[in-house]
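1. From the sequence below, what's the structure:
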Amino acid sequence: MPLNRRLSAPLRPLAVAVAALATLAVGNGWAQNFPITPGQRGTAEQVAQAGVPLSELAPNAPDSYTIQRGDTLWAISGLFLKSPWRWPELWGMNLQAIRNPHLIYPGQTLYLHRANGRATLSTVPPGASADSTGGTIRVSPRTRYEALSDTAIPPVNLQAIEAFLTEPLIVDEATFAQAPRIVATPENRVLLTRGDRAYARGQYGSAGGQQGPALSDAAGQPTSFRVFRNAVPLKDPSTGEVLGYEAQYVGKAQLQRGEGQSTQTGPDGKALTEIVPATIDITTAKEEMRIGDRLLPDPPRDFSSYVPSAPNGAQNGQIVSVYGNAVSYAGQNQVVAINRGTAHGLQRGHVLALMRDANVVPDKTDASRPMLRLPGERNGVMMVFRTFDKVSYALVLQIVDGVKVGDRFTNP
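-> Next up is the predicted model:
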């Protein structure tokens, strides 16, 4: 039976949101080398001394659960605890048997022990010793093998947000203005796609104060680039302050030859210096590219973990934009930009609660029709997965109604 079928009704939508994001990152070759922060370890050590109060357990927490492929720490935490982002407590409930919560695998069974008003989680059933089971994983014969470190279940499904780690990019206006740009195409081609060749320049006229470095294929210089267009300002919904510029990702390009100059003999016999643009090949195209699109160096892939947790301090802010062309409302599994970032103490993995706006309605049961202000209610949960100075991107994990620009969020 799938994990979401075992969950209670209040928790099922949240587990479905996480479990349905994508297939578990087992066959993608990623090394599951997730860090454990001192705060997470401290929480676990504190909880491990006595367990968790029964009041903190999910209403229908099972007596046991066998981990399956496709599970995540978020979903399993939601299975046993009321708040899935409190996974360090789940780990602390069995600190001796599960020394690293990132290294639990499909096939292991977790057992819930209840005694004296407290609950503990173990890899051995009640009444059995640790030596009698040892958390043994039963496997079937097969001719291939794989490292256990690559099959450990992740905190959340990383494949669900992998594309968003490269697509949306927040830059300042000066950086985007000085970025290299596509300047020409073979045979005056208007649109470019994967496999096409194009020409680009990084060092161009200084009119208006715009002067970028030349594209170079020398050792140590970037040769892999992401292609962007239309740096759109992201404004704070309340103050109108420009928080940054979001560049639209359209694909990737590989530098084949750097730009330079060529000296030719002109009609009058004098030496004529000509500009030779850099040569690039389009390797990935999300949509067709054209002259004027900008190039920014492709950063190294980010394998940081996204461990769900509550922010340390109070957080209050608003949705700045919904990611995607012509999208006004964000639903489950969609990405939104928010007006808080590292400058406000937000970190990757922080979980935030989405709130409905307060609403004013007339009391139709009263002849005088007084106006009633209905309080804002909780609308869902999102998790921050990429942060900038004043802006962050978050993945909507659970939602009741659609999320729109201006909607508020707070601590979970």
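
2. buried set for stretch 348-358?
-> Neighbour-count burial for stretch 348-358 flags 348-356 (criterion: 16 or more other CB atoms under 10 Å). Yep, even glycine has a C-beta here, placed from its N, CA and C like the rest.

3. go on, stretch 215-229?
-> 215-216, 223, 225-229.

4. can you give me phi and psi for A394?
-> Backbone torsions for A394, taken as degrees, to the nearest 10, come to phi -130, psi 150.

5. So it sits against T387, correct?
-> No. Applying CB atoms under 8 Å as the test, A394 and T387 come out as separate, 9.6 Å apart.

6. Pick out whichever of those two has more residues nearby.
-> Per other CB atoms under 10 Å, whichever of A394 and T387 has more neighbours is A394, with 30 against 22.

7. The lengthiest strand in the chain pairs with which strands, parallel or anti?
-> When the chain is parsed with DSSP state E, its longest strand is strand 242-257. Strand 242-257 has the following sheet partners, assigned by DSSP bridges: strand 169-171 (antiparallel), strand 224-235 (antiparallel), strand 278-285 (antiparallel).

8. Least confident of these, on average?
-> If you rank the strands paired with strand 242-257 by mean pLDDT, strand 169-171 sits at the bottom with a mean of 79.

9. what's next to it, contact-wise?
-> For strand 169-171, contacts defined as CB atoms under 8 Å, 6 or more residues apart in numbering pick out 226, 228, 231, 234, 244-247, 249, 296, 388, 391.

10. Just the buried ones among those, please.
-> For the contacts of strand 169-171, buried by 16+ other CB under 10 Å: 226, 228, 231, 234, 244-247, 249, 296, 388, 391.

11. Go through these and say which is closest to I182.
-> F228 (10.8 Å; CB to CB).

12. give the contact list for the closest residue to that closest one other than its chain neighbours.
-> Nearest non-adjacent residue to F228, counting by CB to CB, 6 or more residues apart in numbering: A247, 3.8 Å away. By CB under 8 Å, 6+ apart, the contact list for A247 reads 168-171, 176, 228-232, 294, 296.

13. Is A247 bridged to anything, and to what?
-> L169.

14. Can you tell me how far it is from R294?
-> Distance of A247 to R294, given as CB to CB, to the nearest Å: 7 Å.

15. Same check on P237?
-> 27 Å.

16. Same check on Q264?
-> 29 Å.

17. which of these two has more neighbours?
-> R294 (25 against 9).

18. Quickly list what that one is bridged to.
-> Under the criterion used (DSSP bridges), R294 bridges to R181, F228.

19. Now do the SS call for S55.
-> helix (DSSP: H, G, I helix; E, B strand; the rest coil).

20. circling back: now distance to K286 too, for the buried ones among the contacts of strand 169-171, in TSV please.
-> Output for the buried ones among the contacts of strand 169-171, formatted as TSV (distance: CB to CB, whole Å):
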residue	distance to K286
R226	10
F228	11
A231	17
L234	20
G244	21
Y245	19
E246	15
A247	13
Y249	6
L296	15
F388	21
V391	21
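
21. you'd agree Q332 is up against V400?
-> No. Counting by CB under 8 Å, Q332 does not reach V400; the two are 9.9 Å apart.

22. where do the strands sit along the stretch 201-350 of the chain?
-> 224-235, 242-257, 260-265, 271-276, 278-285, 294-297, 316-322, 329-330, 335-338 (DSSP state E, counting those that start in this stretch).

23. quick one: G195 and K286, what's the gap?
-> Relative to K286, and taking CB to CB, G195 is found at 14 Å.

24. Check A358 too.
-> 39 Å.

25. do K390 as well
-> Using CB to CB, which is the criterion applied here, K390 is 26 Å from K286.

26. what about the two, which has more around it?
-> K390 (20 against 15).

27. OK, contacts around that one?
-> 243-244, 339-341, 343-344.

28. pLDDT check: weakest of those residues?
-> Among the contacts of K390, G244 has the lowest pLDDT, at 85.

29. Helices along the stretch 51-200 of the chain, start to end?
-> 73-80, 87-92, 130-133, 159-162, 173-177 (DSSP state H, counting those that start in this stretch).

30. Least reliable of these by average pLDDT, please.
-> helix 130-133 (a mean of 52).

31. Model confidence score at the nearest residue in space to P375 that is not next to it in sequence, please.
-> In space, P375 comes closest to A358 once its chain neighbours are excluded; the distance is 5.8 Å by CB to CB, 6+ apart. We have a pLDDT of 72 for A358.

32. right, and A358 touches E377 too?
-> No. With contacts counted by CB under 8 Å, A358 stays clear of E377, the gap being 9.1 Å.

33. any weak-confidence spans in the stretch 251-400 of the chain?
-> Applying pLDDT under 70 to the stretch 251-400 of the chain picks out residues 300-307, 324-327.

34. returning to that earlier point: for the buried residues of stretch 348-358, give me TSV that also has distance to V405.
-> Formatted as TSV, the buried residues of stretch 348-358 follow (distance: CB to CB, whole Å):
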residue	distance to V405
R348	22
G349	24
H350	20
V351	21
L352	16
A353	18
L354	13
M355	14
R356	14
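
35. tell me which of these is nearest to D63?
-> Distances from D63 to these, taken by CB to CB, are shortest for V351, at 27.2 Å.

36. Remind me what the host helix or strand of the closest one packs against, helices and strands.
-> Here V351, judged by DSSP states H and E, is contained in strand 351-355. Under the contact criterion of 3 or more CB pairs under 8 Å, 6 or more residues apart in numbering; DSSP states H and E, strand 351-355 touches strand 378-387, strand 392-399, strand 408-410.
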